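Engineer: what's the 3D shape of this:
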Amino acid sequence: MKSEVFMDDRKPTQEIDAPVFKVSGKKLDLGCGNKKIEGAFGVDYVKTGCTDLVWNLEETLPKEHWNKYELVYSASVLDYMGNPLQFLKKCVLYAKPGGFVQVAVDNADYWRYHKKSKPFGNYHSLLWQKHTKKPEEQHKMMFQPGHVETMFKMLGLEIVEKKLFWRQSIDYLYPKHNGSAYFSIVGKVSK
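Structural biologist: Okay, here's the model as predicted:
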């Protein structure tokens, strides 16, 4: 079954510089955008210089990608998915038994996402509230780390690493969970 592919005039997935969980073996980068992780097979809904396969990430990849990867990595994609639990289920399907699934996403606890007025919050709140005529380019929901942890546990993933990252400017004045714009969670697929 062939997946619907979006037109090339659309932007690739938003890029964030997330820490990548260290593994040896094959890696799959879902939503690779213009910067896929080193040595990975890159999938995105738009063709870029890093995309090895143009594919709608809401659809299941072809069977040759099932149970194949030591690491299934996705940065800044989960918040664009219409059904995030189904997306994560597919990530588990692509990982080998004993492999890992890593998700990096915007942190809903980050203080600047909740402040709408200038000088500090306008960029972040406007980014999240921006609506376009292209629903696949819109954020659909935000997550706190506990939300993603719960979904990982529902799928039988053992959480092996959690990180908050991107603390800058006056963010050091806030508790770490409020001063970090992104978080990353890594889960191990049971054998």
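Engineer: Just give me the neighbour total for the nearest residue to P97 once chain neighbours are set aside.
Structural biologist: Leaving aside its sequence neighbours, P97 sits nearest to K191 (C-beta to C-beta, 6 or more residues apart in numbering; 4.4 Å). For glycine as for every other residue, the C-beta is placed from the backbone atoms N, C-alpha and C. Per other C-beta atoms under 10 Å, the neighbour tally for K191 reads 7.
Engineer: before we move on, what about L88?
Structural biologist: The local packing of L88 (other C-beta under 10 Å) involves 23 other residues.
Engineer: Can you classify the residue lying closest to it once chain neighbours are set aside as helix, strand or coil?
Structural biologist: Distances taken as C-beta to C-beta, 6+ apart place M151 nearest to L88, at 5.5 Å, with adjacent residues excluded. Look at M151: counting by DSSP: H, G, I helix; E, B strand; the rest coil, its state is helix.
Engineer: Return the residues in contact with M151.
Structural biologist: For M151, the contacting residues are 84-85, 88, by C-beta atoms under 8 Å, 6 or more residues apart in numbering.
Engineer: Tell me what the residue nearest the centre of the chain is bridged to.
Structural biologist: Taking C-alpha atoms, centre = their mean as the criterion, A75 is the residue nearest the geometric centre of the chain, at 3.0 Å. When assigned by DSSP bridges, A75 has beta-bridge partners A104.
Engineer: Isn't it up against A104?
Structural biologist: Yes - with contact defined as C-beta atoms under 8 Å, A75 counts as touching A104 (4.1 Å).
Engineer: S190 versus the residue nearest to the centre of the chain, what's the distance?
Structural biologist: Applying C-beta to C-beta, to the nearest Å, the value for A75 to S190 is 24 Å.
Engineer: what does Y94 give?
Structural biologist: Y94 is 15 Å from S190, by C-beta to C-beta.
Engineer: ok, the residue nearest to P97 to N107 distance?
Structural biologist: Taken as C-beta to C-beta, the span from K191 to N107 is 31 Å.
Engineer: try I159
Structural biologist: I159 is 16 Å from N107, by C-beta to C-beta.
Engineer: The two: who's more crowded?
Structural biologist: Between I159 and N107, counted using other C-beta under 10 Å, N107 has the larger neighbour count: 23 against 14.
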